[in-house]
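In: Starting from these lines, generate the structure:
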Amino acid sequence: MKIGNTIIENGIKDNEKIKQRTTVRAIILYKDRVLMLYSEKYNDFIFPGGGIKKDETHEEALKRELYEEVGARKVEVIKLLGYIEEKRHGISGSDSVYNQKSYYYICKIGQIGEPNFVGREKEDVLKAKYVDIDDVIKHNSKIIKDKNHQQKGFKTVLLRENRALEYIKDTYFKNNL
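Out: Below is the predicted model:
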């Protein structure tokens, strides 16, 4: 199920060549808290997850991403909550345009371990934290217009994450707590 309308980064022209990108995001809940990755570099909270590699299933990608970003070895994918679609520039600052679908899955993990960051994850100084969902929404909303999040390719990230958080709060928490 699609969560909301497509988020479109401003500055994208209709006639641009669009690449397709699929990502997976893990929703890991503990009581009334959600596991998020806090980036010291960007001062924001995002869901663990990332792009699906060639010939990788959604579940395989979730398990790989959770191992890399939170050190989780035991991962159980419970169910798909929905997906959010974005039309955005690549985060490398290039002019590439992506139609990105981010699939959000309810997951359980055995425990958080030592992260095994690869690539850009090392630069972002990420730390996994269980946080209050309202606090995350408030924090991300406060910084959404700062210099970091107005760079080409970053403008839709917190819009996407906050939309997912609001959806989890309004649907999943109300039905399962």
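
In: after the top helix by length along the chain, next one along is what?
Out: Assignment by DSSP state H gives helix 58-70 as the longest helix of the chain. For helix 58-70, the following helix or strand on the C-terminal side (DSSP states H and E) is strand 75-89.

In: show me where pLDDT drops low in the chain?
Out: 15, 92-93, 121-123, 175-177 (pLDDT under 70).

In: For residue 161, which three-state class applies?
Out: Recorded secondary structure, residue 161: helix (DSSP: H, G, I helix; E, B strand; the rest coil).

In: residues in contact with it?
Out: Counting by CB atoms under 8 Å, 6 or more residues apart in numbering, residue 161 touches 44, 45, 46, 47, 140. From N, CA and C alone the C-beta is placed, and that goes for glycine too.

In: Make sure the last one is indeed in a helix.
Out: Yes. Judged by three-state DSSP, residue 140 forms part of a helix.

In: what's near enough to touch it?
Out: Residue 140 neighbours (CB under 8 Å, 6+ apart): 44, 45, 158, 161, 162, 165.

In: what's the closest of the contacts of residue 161 to residue 72?
Out: When those are ranked by distance to residue 72 (CB to CB), residue 47 comes first, at 13.4 Å.

In: what's the closest non-adjacent residue to that closest one?
Out: Nearest non-adjacent residue to residue 47, counting by CB to CB, 6 or more residues apart in numbering: residue 25, 4.0 Å away.

In: Check the secondary structure at that neighbour for me.
Out: Going by three-state DSSP: residue 25 is strand.

In: And the residue sitting nearest the centre point of the chain, how far from residue 152?
Out: For the chain, the residue sitting closest to the mean C-alpha position, by CA atoms, centre = their mean, is residue 47 at 4.0 Å. Between residue 47 and residue 152 the computed distance is 22 Å (CB to CB, to the nearest Å).
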